[in-house]
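In: dropping the sequence and predicted coords here.
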Amino acid sequence: MPKLSEIITQPEGRKLEFKRELPAKSDLAKTIVAFANDAGGELYLGIQDTPREVVGLNEDDLISIEEQISNIVHDQCSPVIYPQTSFLVHEDRPLIKVTIFPGSNSPYYLTSKGIEKGTYIRVGSSNRMATPEIIESLKLRKQNISFDSQLMPQKDSDSLNIDSFKALFLEKTGEEINPTILRKLKLIRTDQVRELPTIALILLSDDELRKDIFSFAKIECARFKGTVPGNFIDQKSITEHIAIQAELAYQFVLRHISESSTDYEGVFRNDRWEYPIIAIREAIRNAVIHRDYSLRGGDIKVAVFDDKIEITNPGNLPPTVDFNDMTSGQSYIRNMILAPVFKKIGVIEQWGNGLRLIADELAKYPEIAFEWNEPGASFRVSFIKKNYKQQQELQQELQHELQHELQHELQHELQHELQHESLYGKVLYLIADKSLSTSELSGALNQKSISGHLKKVLAKLRNDKLIEWSEQVQKSSKQRYQITQRGLVFIQLLKKNT
């Protein structure tokens, strides 16, 4: 439990609000209702938010303020909410803390405005009127019914196109999908005389119905140049059924981050990705499995920048999940039908293990910071390179030094390539694009066999330290030539002077 002195320094947010004095009746009622509809929250009276200052309340007014709070909640909020009021003192200044617990009888709303116009939720540090979709979601939560379990009467289950899901299910489980298995997984149910698919099965299908109704159930992936959105290097829209979306997004990330050798154990090389890929894979899986599919208009976003990777999910974090306590084995199932299916096909490995897996993997990457926040009505996790700025400055400094060094040491080679591109330059450009073996280089150069000239050029490039072997063992079957930092700088000098 954080101390009051620590809480005072925190920003307002989803579960925390500060007021200098008792707010107007309607404003207080909106905050109380919004907290009850979401993850609960705490309201501190006697603390000014902007600028943050503990001003305190008049001690003689404390009992009267407590009574006013009780009356406002009783008269203006429905169904009944029971706030917990506490008197606190900070540096001799009296304060009041109002605690609202997550409600089990949602939706909560302003009595005078009714459910449609009076239901509020927390979005960041503000109270916003709930949309019809959110109100419906709150009603389902009250009945412990998940959105994905609802039936879709637009099509009978036997006319739904689930060919891709059938193939995936067979591959992962060894079982062929049939009506019995679909019923057992609760993906179809009988409604009077018709056997109908649930929303979960629609999301797992390739049917046009999914594309029409749940067109937003996709992942937008982007690799940006730099550290802010704007200039795309690559992008991909993943619109396939949701059982394979996480893997496709994960593969997109792997294409845009690097894997390098850190050290050797005997003759074996240890490779290490620049980011904790197991944690990233788990975060993407969580985004797909736990997103709120009742919220229309938003998709999952996976963004790779020079200094970070961000995964953004529409909808707020579930009320019972706390990313500040990742090692406690928390388990929350928003999509009660999809979750067991994902477990069966191996997307979920073990209940309550996801956050712990992320925490364990992050422990192996002290150079990566993990942050989470809730921008608007969404949830975002970020994997951030702590020393990116210093690394960039050092890289620029090293490149500047290398340029001077190469201009002096390889002046003849530079001038020769600038005047006429030779095999020396062609080979270097090929290896810069992709690590290649001698035979692969020969093929790329359209040689019928490996020429003696090519061997001499490769030897000189190695001697000039522009390329190097990828494996420590020279005769390894995996042996390739790869570009060095000096080689990259040499190419930059060539481009700079052409």
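Out: Here it is on my side, so go on. Being a predicted model, the structure only gives us computed values, none of them experimental.
In: so how far is the host helix or strand of residue 456 from its chain's centroid?
Out: In the assignment (DSSP states H and E), residue 456 maps to helix 452-463. Its chain's C-alpha centre and that of helix 452-463 lie 46 Å apart, by C-alpha atoms, centre = their mean, to the nearest Å.
In: likewise for stretch 361-376?
Out: Averaged C-alpha coordinates place stretch 361-376 at 10 Å from its chain's average position (C-alpha atoms, centre = their mean).
In: just stretch 461-468 next, same as before
Out: Centroid displacement of stretch 461-468 relative to its chain, using C-alpha atoms, centre = their mean, is 40 Å.
In: end to end, how far does it reach?
Out: Between the start and the finish of stretch 461-468 there is a gap of 8 Å, counting by C-alpha to C-alpha, to the nearest Å.
In: circling back: what is the next helix or strand after the helix holding residue 456 packed up against?
Out: Helices and strands here follow DSSP H and E; after helix 452-463, the next one along the chain is strand 467-469. Contact here means 3 or more C-beta pairs under 8 Å, 6 or more residues apart in numbering; DSSP states H and E; on that basis strand 467-469 packs against helix 452-463, strand 481-483. C-beta coordinates here come from the backbone N, C-alpha and C atoms, glycine included.
In: who does strand 467-469 pair up with?
Out: strand 481-483 (antiparallel) (DSSP bridges).
In: and the contacts of the strand it pairs with?
Out: The contact list for strand 481-483, computed with C-beta atoms under 8 Å, 6 or more residues apart in numbering, reads 428, 431-432, 435-438, 441, 458, 461-462, 466-470.
In: kindly recompute the last result at 6 Å.
Out: The list of residues contacting strand 481-483 from outside it, by C-beta atoms under 6 Å, 6 or more residues apart in numbering, reads 431-432, 435-436, 467, 470.
In: farthest pair in those residues?
Out: Using C-beta to C-beta, the two most remote members of the contacts of strand 481-483 are 432 and 470, lying 13.7 Å apart.
In: now the element after the helix or strand hosting residue 403, going C-ward?
Out: Here residue 403, judged by DSSP H and E, is contained in helix 388-409. Towards the C-terminus, the helix or strand next in line after helix 388-409, according to DSSP H and E, is helix 411-419.
In: give the buried residues for that next one.
Out: For helix 411-419, burial by neighbour count (16 or more other C-beta atoms under 10 Å) applies to 413-414, 417.
In: quick one, domains of the protein?
Out: The record's domain parsing of the chain by automatic domain parsing lists 4-131, 147-213, 219-386, 389-496.
In: for the shortest one, measure first residue to last.
Out: Start-to-end span of domain 147-213 (C-alpha to C-alpha) is 14 Å.
In: return the distance of it from the chain's centre.
Out: Offset of domain 147-213 from its chain centre (C-alpha atoms, centre = their mean): 27 Å.
In: the helices and strands packed on strand 467-469: which one's closest to residue 136?
Out: Short answer: strand 481-483, nearest of those by C-beta to C-beta, at 55.4 Å.
In: pull out the buried positions in the closest one.
Out: With the criterion 16+ other C-beta under 10 Å, strand 481-483 contains buried residues 481-483.
In: export the residues you listed as CSV, with columns for distance to residue 104 and pLDDT.
Out: Compiled in CSV, the buried residues of strand 481-483 are given as follows (distance: C-beta to C-beta, whole Å; pLDDT from 0 to 100):
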residue, distance to residue 104, pLDDT
481, 65, 90
482, 59, 92
483, 61, 90
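In: can I get those in TSV including distance to residue 300?
Out: Output for the buried residues of strand 481-483, formatted as TSV (distance: C-beta to C-beta, whole Å):
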residue	distance to residue 300
481	39
482	34
483	35
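In: which of those sits closest to residue 232?
Out: The closest of the buried residues of strand 481-483, once distances to residue 232 are taken by C-beta to C-beta, is residue 483, at 24.6 Å.
In: contact partners for residue 440?
Out: Taking C-beta under 6 Å, 6+ apart, we find residue 440 in contact with no residue.
In: for it, grab phi and psi.
Out: When quoted as degrees, to the nearest 10, the phi and psi of residue 440 stand at phi -70, psi -40.
In: helix, strand, or coil at residue 275?
Out: Under the three-state scheme (DSSP: H, G, I helix; E, B strand; the rest coil), residue 275 adopts coil.
In: just to check, it is in contact with residue 257?
Out: Yes - between residue 275 and residue 257 a contact is recorded at 5.5 Å, counting by C-beta atoms under 6 Å.
In: same drill for the two, tell me which one is more crowded.
Out: residue 275 (23 against 15; other C-beta atoms under 10 Å).
In: now do the contacts for the more buried one.
Out: The contact partners of residue 275, taken as C-beta under 6 Å, 6+ apart, are 257, 383.
In: just say helix, strand or coil for the spatially most central residue of the chain.
Out: Relative to the mean C-alpha position of the chain, the nearest C-alpha, by C-alpha atoms, centre = their mean, is the one of residue 311, at 2.2 Å. With three-state DSSP as the basis, residue 311 sits in strand.
In: next one: residue 271
Out: Judged by three-state DSSP, the three-state class of residue 271 is strand.
In: what's the closest non-adjacent residue to it?
Out: Closest residue to residue 271 apart from its sequence neighbours, by C-beta to C-beta, 6 or more residues apart in numbering: residue 259 at 5.2 Å.
In: is it true that the one you found touches residue 274?
Out: No - here residue 259 does not reach residue 274: they are 7.5 Å apart, not a contact under C-beta under 6 Å.
In: ok, these two, which is more surrounded?
Out: More crowded of residue 259 and residue 274, by other C-beta under 10 Å: residue 274, with 15 against 12.
In: contacts only, for the more buried one.
Out: Residues touching residue 274, when contacts are defined by C-beta under 6 Å, 6+ apart, comprise 257-258.
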